[in-house]
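Participant: Here's my sequence, what's the structure:
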Amino acid sequence: MINLTVNGQHVSADVPGDWTLLRFLRERLRLTGTKQGCDGEGTCGACTVIVDGVATRSCSIRMAEMEGRTVETIESLMQDGRPHVIQQAFIQEHVFQCGYCAPGVLMRVKALLDHSPNPTEEEIVRELSQHLCRCSGLVRAVTATKKAAAALRRECDLGWTDRDTANHHIMLERLTGAARYTDDIQFEGMLYGRAFRSPLPHAKVIYVDVSEAEQMPGVVRVLTAKDVPGVNRYGLLISDQPIFCDQIVRYVGDCLALVIAETPEAAEEALGKIKVELEPLPVIASPHEAMADGAPVLHDREVGPNILKHITIRKGDIEAGFSQADVVVEGNYHVGFIDHAFLETECSIGVPEPDGSLTIYCGSQGPVFDRRQVATAVGLPENKVRIVHMLTGGGFGGKEDVAGQILAGLAAFIVGRPVKVRFSRRESIRVHHKRHAEWIQMKTGATKDGRLVAAEVNIIGDTGAYASTGEAVLFRSATFAVGPYVVPHARVDALAVHTNNPTCGAFRGFGSPQVCFAAEVQMNKLAVALGIDPFEFRMRNALDIGYATLTGHVLTEDVGAGIKECLQAVKTALDATPRPSLEPPWKLGIGIAAAYKNVGLGSGIPDEAGAQILLQPDGSFLLRVGCTDLGQGSSEAMAIIAGRTLGIEPGIIKVHEGDTRDDPDGGMTTASRQTFVSGNAVLGAAQKLRRLLWSYVSEEFEVPEEHIEIQDSKVFVDSQTGRALITLAELASRSQTFAAEYRYSAPETNPVPAWIPPDPGKEGSKHRLHFAYSFGAQGAIVAVNEETGKVRVLKVVAAHDVGKAISVANCVNQIQGAVVMGLGYALQETFRVNKGQIETEHLRDLGLLRLRDLPEIEVILIENPHPLGPYGAKGIGELAISPTAPAVINAIHDAVGVWIDELPATPERVLAAIKSKRG
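Facilitator: Now for the predicted structure:
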């Protein structure tokens, strides 16, 4: 028996001494606010609690060490319904997005301020750098910590009110431990599933013997391909991936069997008893090997062996275009794989229902798409499968594809009990899709006065073992291949090629960051060759109203073209930034880059979403939407849109999202589409409800509708006399139901035509690829050490056209987080695969940035309201990652005169380029 104090309460624990404190808190005490991210590596900090006054990673301390000790968890911070000052400050500074890292961060801050009431910035950064935050990088955490410290010293009052508690209830749940992510919920009689994965990247399956595993204590069942009642295939766009492989394995993430057991330990132990015989087959390690004569055929597609898709864009006459060029620059660029590294690993719980239906609880970017794939596997009609989206600890595109949803659903359906399938961190890294590695060849021509005339781009993308969204990703690489510039003559070819590497798919930017790096470095090379300032060169060629994109879309006022404003804003900010004086061997450099990105699906694909809103008995509102919040702030945005329309505070609107039984379909949370598409659905539903409410009150109290308003989010009043008419709660008690629903369809778009004229003119309306674009430009100030190749980014300026910001704080947070991710992409993030075998197995090996690595990030919002967006809004979730890396690379060239054509720009790579230049 182990005796300890937890949150002021004495606890006697009869648990094994080798249990971690994290496991004890979560499983025995059900204090699930303490999160699990790195599975015991001690890397992420999500599990941090306070032990005897010291911030401690609870995944790294055993219960045998806990006798007589005192523990504080996140659940202890909020007292009597009032947030702790630390929680208040971090909410006011909008530090967090998905909130998964928040409990650990807040407990470390509390421990710091308990011991050091007035910490220095250096102390704060040192402490917070022990935490990983993939959403925002904790950019604003230093300011929040200082604010909390000042308030605790009673030097200031944060001014927190009950109204703040209501309006910030979504984030407050995440910062108090009250929020429930999938792994936080339990069901009576729940079992645990663990998958047996292929140890080889390419092999023929001779046999899979699970007989010994099935006899292990605690094992309920072991599933293989023969047990699938429906179709043993799945996939988001193409169903080409086996649920359980019984013939061929194509990468080391392929599943051969699933153990279902009473405990996670029993399931894990049984995995070691599964016997398989695999006959190794030749491994295709790269797209170039896949396209070689005689290469093994992984998939024989319509385009050809191992070619998922060949995307082509033909604009104008490429030969004629280059004949006009006075300067032609050619470049070869390469970017590798990157892992999403969301802190919450994939977790799904399948629950069989009494009526024979099936419910799946999971974090998902597309619940309706999950439902289809689960139903197909289980052999049920879709209306018998319910997907319930849970609060999710980050996605960034990585939760578009199904992960454990099918396995949990199959297991629950077959054994008749709830089953949880949670990926370990190593399994998550091994299994889920990555950002595409790409090889990009560019040839660009310009006239001597600095006008682009022609571009030829060849892109080869390693799409890995299965289709996922590879075709769509390479399509985006192709359509944004020349950047936000006018190029009259272009030829683009993009190939998505299968290999025995991990499958690649959706990742923030969706194919755009790769080509933005190449295109923007190419722009600087051209500017140098022409002797023109890189900023001026971009301004001369930037897209504008009346000019056509690469795909022939002539931009109009209802689409917008904000790139020039973004470029000018960055230049102004850079010019105003004092230049630091550096001692040798450090050299200062400044770089700039620009980008644009689609809002919505486009390409002629219908883009729709629905919303429902209902007045509740207590006078609050229930808003149902299909979009899913993974930290990007869509729930808050939907509440703000509805509240603004109804004239009430967003705090009295409860947003319910992503339940395929109860909520309308909102489509996939992708392509920066939800603020625009689901936001317009919410706007439409709220407008309908407003008309219904105002009409009823007007008729009931004989007051003109234009004189009616809601006061204090509680009561209808006559604005002319000030007379209170009826409260929302009283109105809800009437016999009539006050509800409205609306389904929004975005403006029609068109596919890319086979050939595009160099100047489409009025025909440009036929080439409307998207109904909106977001535009952005970024500048970087760097210091480069000529002796070591080390690069320090000193400042990033990011100016982005967001339409009209629904929430300024959320927009800024999204941009800051994307810049942090872009800096990692530029300098140190990596995911290594060697002949199909994954070498980067741990979170600590991915090269993720921490707070101590971050520069000053200045965000400038360019607000050009979109005429069709909800209150003028567009989307911003993806674009801001794209210009960061090329801005840094261009700054490196400005500093030391070398071009880095492969990411990341590690010290070794930069130093090699410097030495090569010196000869």
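
Participant: what about the closest residue to residue 913 other than its chain neighbours, which SS state?
Facilitator: Nearest residue to residue 913 in three dimensions, chain neighbours excluded: residue 898, at 3.8 Å (Cβ to Cβ, 6 or more residues apart in numbering). No exception for glycine: its C-beta is placed from N, CA and C like everyone else's. Assigned by DSSP: H, G, I helix; E, B strand; the rest coil, the conformation of residue 898 is coil.

Participant: Residue 898 contacts residue 914, correct?
Facilitator: Yes: taking Cβ atoms under 8 Å as the definition, residue 898 is a contact partner of residue 914 at 5.6 Å.

Participant: neighbour count winner among those two?
Facilitator: Between residue 898 and residue 914, counting by other Cβ atoms under 10 Å, residue 898 is the more crowded of the two (23 against 20).

Participant: That one and residue 912, how far apart?
Facilitator: Distance of residue 898 to residue 912, computed by Cβ to Cβ, to the nearest Å: 9 Å.

Participant: I'd like to know which elements the longest helix along the chain is packed against.
Facilitator: Looking across the chain with DSSP state H, the single longest helix is helix 674-701. Packing partners of helix 674-701 (3 or more Cβ pairs under 8 Å, 6 or more residues apart in numbering; DSSP states H and E): strand 608-615, strand 621-625, helix 634-646, strand 708-711, strand 715-718, strand 724-727, helix 728-732, strand 739-745.

Participant: Mind pulling up the pLDDT for residue 764?
Facilitator: Listed pLDDT for residue 764 reads 66.

Participant: pretty sure residue 754 is touching residue 314, no?
Facilitator: Yes: taking contacts as Cβ under 8 Å, residue 754 lies within contact range of residue 314: 6.8 Å.

Participant: got any residues that touch both of the two?
Facilitator: By Cβ atoms under 8 Å, 6 or more residues apart in numbering, residue 754 and residue 314 have no common neighbours.

Participant: most distant residue from the middle of this protein?
Facilitator: Within the chain, the residue lying farthest from the chain centre (Cα atoms, centre = their mean) is residue 702, at 50.2 Å.

Participant: What are the structural domain limits within the protein?
Facilitator: Structural domains annotated on the chain: 2-180, 191-281+340-431, 508-598+765-918, 608-745, as defined by automatic domain parsing.

Participant: okay if I get those domains as a markdown table plus distance to residue 290?
Facilitator: Shown next, in a markdown table, are those (distance: least, Cβ to Cβ, whole Å):
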| stretch | distance to residue 290 |
| --- | --- |
| domain 2-180 | 31 |
| domain 191-281+340-431 | 11 |
| domain 508-598+765-918 | 12 |
| domain 608-745 | 27 |
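
Participant: in stretch 245-252, what counts as buried?
Facilitator: Across stretch 245-252, burial judged by 16 or more other Cβ atoms under 10 Å covers 245, 246, 248, 249, 250, 251, 252.

Participant: same thing with stretch 423-431?
Facilitator: 423, 424, 425, 426, 427, 428, 429, 430, 431.

Participant: want to try CSV for the residues you listed, with secondary structure, pLDDT and distance to residue 479 as columns?
Facilitator: Output for the buried residues of stretch 423-431, formatted as CSV (DSSP: H, G, I helix; E, B strand; the rest coil; pLDDT from 0 to 100; distance: Cβ to Cβ, whole Å):
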residue, secondary structure, pLDDT, distance to residue 479
423, coil, 98, 33
424, coil, 98, 37
425, helix, 98, 35
426, helix, 98, 36
427, helix, 98, 34
428, helix, 98, 31
429, helix, 98, 30
430, helix, 98, 31
431, helix, 98, 29
